[in-house]
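[1] take this sequence and fold it.
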Amino acid sequence: MARPEVLEQRLGHRFTNAALLAQALTHRSAGAPDNERLEFLGDGVLGCAVAEELYARFPRLAEGRLTRMRARLVREEALAEIAGHLEMKTFLRVGAKHPITPSVLADALEAVFGAIFLDGGYDAARRAMVRAFGPLLESLDPSDLEKDAKTQLQEIMHARGSKLPEYRVVATHGAPHQRSFEVECLVPDLGLAATGSGSSLQRAEQQAAKGLLGKLTK
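    Have a look, this model is predicted:
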């Protein structure tokens, strides 16, 4: 495992309490204390920091576009990409047989921001976010904002005068701390349905909506 000091340099934050960083980098498969609670905290801190940065960068952008831009930055794929740039895989502690998936990387990154918040406060966490997200922030183009799948589907149904899509949980898998969801998206007026899965209801619903959009455009 690489020395965490390297990660501190990349994030621009030197931990006063090194145990917080060690915990943030510990997956539950490697024992306790793990990073799940820090992940919960970091999710909220990161959302707020990203929102504040976007608000400052784009003073004339409407709320809806700001919301979609934030969603693009904090989704699992983007977080895993940033974790990859930070080479976080080399710092993580995971169980011997546990794979380091994009979800594990994204969760660990959120946990690290939670740890920075506890160690140095909100301003320190926001500075680290701007540093880590730098390339993605600079590449943002407000004129090229693809709406998320649920929004696209809802707008299509509205334009057609059809009832809005319905979402229902059809299955859950895993222990409470490692739950995954399977969701079905239905458009009864068209007799169409699609399923999606994810580590949260929101992600599962987005996948289901994406699948149904694919059926609509065939």
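[2] list the buried residues for the helix or strand hosting A115?
    Here A115, judged by DSSP states H and E, is contained in helix 102-120. By neighbour count, with 16 or more other C-beta atoms under 10 Å as the criterion, the buried positions of helix 102-120 are 103-120. C-betas here are computed from N, CA, C, even on glycine.
[3] could you do stretch 54-67 as well?
    For stretch 54-67, by 16+ other C-beta under 10 Å, it's 54, 61, 65-67.
[4] out of the residues you listed, which are inside strands?
    Judged by DSSP state E, the buried residues of stretch 54-67 include no members of strands.
[5] before we move on, the earlier item: other SSEs contacting the helix holding A115?
    Helix 102-120 sits against helix 4-11, helix 18-24, helix 36-57, helix 76-85, helix 122-132, with contacts defined as 3 or more C-beta pairs under 8 Å, 6 or more residues apart in numbering; DSSP states H and E.
[6] out of the ones you listed, which is closest to Q206?
    helix 76-85 (10.3 Å; C-beta to C-beta).
[7] and the angle for the closest one with helix 4-11?
    120 degrees (axes from the mean of the first three to the mean of the last three C-alpha atoms, to 10 degrees).
[8] run a quick neighbour tally on A175.
    Using other C-beta atoms under 10 Å, the number of residues around A175 comes to 7.
[9] now do E155
    11.
[10] phi first, then psi, for it.
    The phi and psi torsions at E155 (degrees, to the nearest 10) take the values phi -70, psi -40.
[11] quick one: mean pLDDT over stretch 130-147.
    Across stretch 130-147, the average pLDDT comes to 81.
[12] C-alpha coordinates for that stretch, CSV please?
    Output of stretch 130-147 as CSV, limited to C-alpha atoms (Å, rounded to 0.1, in the frame of the first residue of the first chain):
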residue,chain,number,x,y,z
VAL,A,130,-11.8,21.9,-6.1
ARG,A,131,-8.3,20.5,-6.3
ALA,A,132,-9.5,16.9,-7.0
PHE,A,133,-12.3,17.9,-9.3
GLY,A,134,-10.2,20.5,-11.2
PRO,A,135,-10.1,18.9,-14.6
LEU,A,136,-13.8,18.0,-14.5
LEU,A,137,-14.8,21.4,-13.3
GLU,A,138,-12.8,23.1,-16.1
SER,A,139,-14.3,20.9,-18.8
LEU,A,140,-17.9,21.7,-17.8
ASP,A,141,-20.0,23.1,-20.7
PRO,A,142,-23.3,24.6,-19.6
SER,A,143,-24.6,24.4,-23.2
ASP,A,144,-24.0,20.6,-23.3
LEU,A,145,-26.0,19.3,-20.4
GLU,A,146,-27.7,16.0,-21.0
LYS,A,147,-30.7,15.5,-18.7
